[in-house]
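**Student:** let me see the structure of the following:
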Amino acid sequence: MMNDLDPRSITGYHAHIYYDEATRSDASWVRDEIRRRYSVVTGRWREKPVGPHPISMYQVAFETDIFDQIVPWLMLNHRGLSVLIHPESNDAVADHEDFPIWLGPKLDLNIEFLRQFAQK
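**Tutor:** Numbers count the residues shown, from 1 in each chain. Predicted coordinates:
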């Protein structure tokens, strides 16, 4: 059983929005709307799998104080895309494996990649 973890240890969040060729325009709309509505940092378009992510995606980093705004918006407006939302708690493996929220279809992440990266 895990210890009681303090939510104050979360320093921010990442949302990964996944897409393919057929859904790229939806992903673009979601990206544009997030950037228009919220103070976020958007990562570049990743057209191929990278790290633990099995398909194309981009990342949206946001602060803890807008979680209650951006996550409900994504719940209603993710357009059927897979979206992974995870905390930044200084434990990348747990953040992606134990603590994520999924919107839309859940994808299988390459957690082993994160484990190997964390050991370096």
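**Student:** spatially central residue in the protein, please.
**Tutor:** In the chain, the residue lying closest to the centroid (Cα atoms, centre = their mean) is residue 15, at 2.5 Å.
**Student:** where exactly do the helices run in the protein?
**Tutor:** 24-37, 67-77, 92-97, 111-119 (DSSP state H).
**Student:** closest one to residue 5 among these?
**Tutor:** Among those, helix 92-97 comes nearest to residue 5, with 8.9 Å by Cβ to Cβ. The C-beta positions use only the backbone N, C-alpha and C, and glycine is treated the same way.
**Student:** check which residues of the closest one are buried.
**Tutor:** By neighbour count with 16 or more other Cβ atoms under 10 Å, helix 92-97 contains the buried residues 92, 93, 94, 95, 96.
**Student:** next one: stretch 20-30
**Tutor:** Residues of stretch 20-30 classed as buried: 23, 26, 27, 30 (neighbour count, 16+ other Cβ under 10 Å).
**Student:** what's the farthest-apart pair in those?
**Tutor:** Within the buried residues of stretch 20-30, 23 and 30 form the most distant pair, 9.8 Å apart (Cβ to Cβ).
**Student:** common neighbours of these two, please.
**Tutor:** 79, 81 (Cβ atoms under 8 Å, 6 or more residues apart in numbering).
**Student:** as JSON lines, the buried residues of stretch 20-30 with pLDDT would be great.
**Tutor:** What follows is these, written out as JSON lines (pLDDT from 0 to 100):
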{"residue": "23", "pLDDT": "98"}
{"residue": "26", "pLDDT": "98"}
{"residue": "27", "pLDDT": "98"}
{"residue": "30", "pLDDT": "98"}
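**Student:** and the nearest residue to residue 83 once chain neighbours are set aside, how many neighbours does it have?
**Tutor:** The shortest distance from residue 83 to any non-neighbouring residue, by Cβ to Cβ, 6 or more residues apart in numbering, is to residue 103 (4.1 Å). Residue 103 has 19 neighbours, counted by other Cβ atoms under 10 Å.
**Student:** correct me, but residue 103 touches residue 76?
**Tutor:** No: using Cβ atoms under 8 Å, residue 103 is not in contact with residue 76; the gap is 9.6 Å.
**Student:** CA atoms of the helix or strand of the chain with the lowest mean pLDDT as CSV?
**Tutor:** Of all helical and strand segments in the chain, the minimum by mean pLDDT, DSSP states H and E falls on helix 111-119, at a mean of 86. Extracted in CSV, the C-alpha atoms of helix 111-119 (Å, rounded to 0.1, in the frame of the first residue of the first chain):
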residue,chain,number,x,y,z
ILE,A,111,6.4,3.0,-18.9
GLU,A,112,9.6,0.9,-19.2
PHE,A,113,11.1,3.8,-21.1
LEU,A,114,10.4,6.1,-18.1
ARG,A,115,11.8,3.5,-15.7
GLN,A,116,15.1,3.3,-17.7
PHE,A,117,15.3,7.1,-18.0
ALA,A,118,14.7,7.5,-14.2
GLN,A,119,17.6,5.0,-13.5
